[in-house]
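**Q** structure of the sequence below:
(chains A and B)
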Amino acid sequence: GQNIDQPTEMTATEGAIVQINCTYQTSGFNGLFWYQQHAGEAPTFLSYNVLDGLEEKGRFSSFLSRSKGYSYLLLKELQMKDSASYLCAVRDRYSSASKIIFGSGTRLSIRP
Amino acid sequence: EADIYQTPRYLVIGTGKKITLECSQTMGHDKMYWYQQDPGMELHLIHYSYGVNSTEKGDLSSESTVSRIRTEHFPLTLESARPSHTSQYLCASSGETTSTDTQYFGPGTRLTVL
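**A** Have a look, this model is predicted:
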């Protein structure tokens, strides 16, 4: 089976940097996704990692260590609109139809 | 940018009614998914499809049913709605047009059963 852990809530200040961690356990890792979800809206895709290392995309970066079963999402130059839930999701190579399992999400609040 | 649509966006309906939630995508994706999500809670997969005429139940048991007669269309039906069905229903699709096979979500249908 799969197990995904991420903090339930985090708070950060506008203009600062925040790192959201995710640890996972899976029998056959085949990719990790980060999604952003504003309250009442659908998740939107942020990043994908399948190899170790850092993927940078503007203010957002995502890091993966497969040997540690660990990923983080780094958000720089925080803006008020970054207040949202951030979902870590993992795909298992043994799952059918590219199913992914979502973590419970980290609710990020940005204060002025 | 994802092109996946859901209708209706909001639905309030009485107990016992039959409802169909529509989901369409114009990306030619072979795989489609239905998730259920209560406010502030995690996403749960309730149905998925590999392609036309293939449907499977997801990880969370659901009284709903789905069909996949056309690639672009994946409707979800509740034969007799109950208050326990009140939730947000999110449709997603993915395809191997990119190497990542990323799932893209529609805007969701917020269902309230009175």
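**Q** please enumerate the strands of chain A.
**A** Applying DSSP state E to chain A gives strands spanning A:3-5, A:9-13, A:18-25, A:29-37, A:44-49, A:53-57, A:60-65, A:70-75, A:84-92, A:100-102, A:106-111.
**Q** who are the packing partners of the second one?
**A** Going back to what we said before, that points to strand A:9-13. If you count contacts as 3 or more Cβ pairs under 8 Å, 6 or more residues apart in numbering or on different chains; DSSP states H and E, strand A:9-13 packs onto strand A:18-25, strand A:106-111. For every residue, glycine as well, the C-beta is placed using N, CA and C.
**Q** so what touches the worst-scoring helix or strand of chain A on mean pLDDT?
**A** The weakest-scoring helix or strand in chain A, judged by mean pLDDT, DSSP states H and E, is strand A:100-102 (a mean of 90). Identification of contacts with strand A:100-102 by Cβ atoms under 8 Å, 6 or more residues apart in numbering or on different chains yields A:2, A:4, A:31, A:33, A:35, A:87-92, A:95, B:42-43, B:59, B:103.
**Q** so what strands line up beside it?
**A** Using DSSP bridges, strand A:100-102 pairs in its sheet with strand A:84-92 (antiparallel).
**Q** ok and the strand it pairs with relative to strand A:70-75, angle-wise?
**A** Taking axes from the mean of the first three to the mean of the last three Cα atoms, to 10 degrees, one finds strand A:84-92 and strand A:70-75 inclined to each other by 150 degrees.
**Q** list the beta-bridge partners for A:Thr106.
**A** Applying DSSP bridges, one finds that A:Thr106 bridges with A:Tyr86.
**Q** burial check on it, number of neighbours?
**A** A:Thr106 has 20 neighbouring residues, counting by other Cβ atoms under 10 Å in any protein chain shown.
**Q** so it makes contact with A:Ser83?
**A** No. Taking contacts as Cβ atoms under 8 Å, A:Thr106 lies outside contact range of A:Ser83: 11.7 Å.
**Q** got the contact list for the closest residue to chain A within chain B?
**A** In chain B, the residue that lies nearest chain A is B:Phe105 (4.0 Å; Cβ to the nearest Cβ). By Cβ under 8 Å, 6+ apart, the contact list for B:Phe105 reads A:42-44, B:2, B:4, B:90-92.
**Q** which of the residues you listed count as buried?
**A** A:42-43, B:2, B:4, B:90-92 (16 or more other Cβ atoms under 10 Å in any protein chain shown).
**Q** quick check: B:Ser24 vs B:Arg82, distance?
**A** For B:Ser24, the distance to B:Arg82 (Cβ to Cβ, to the nearest Å) stands at 26 Å.
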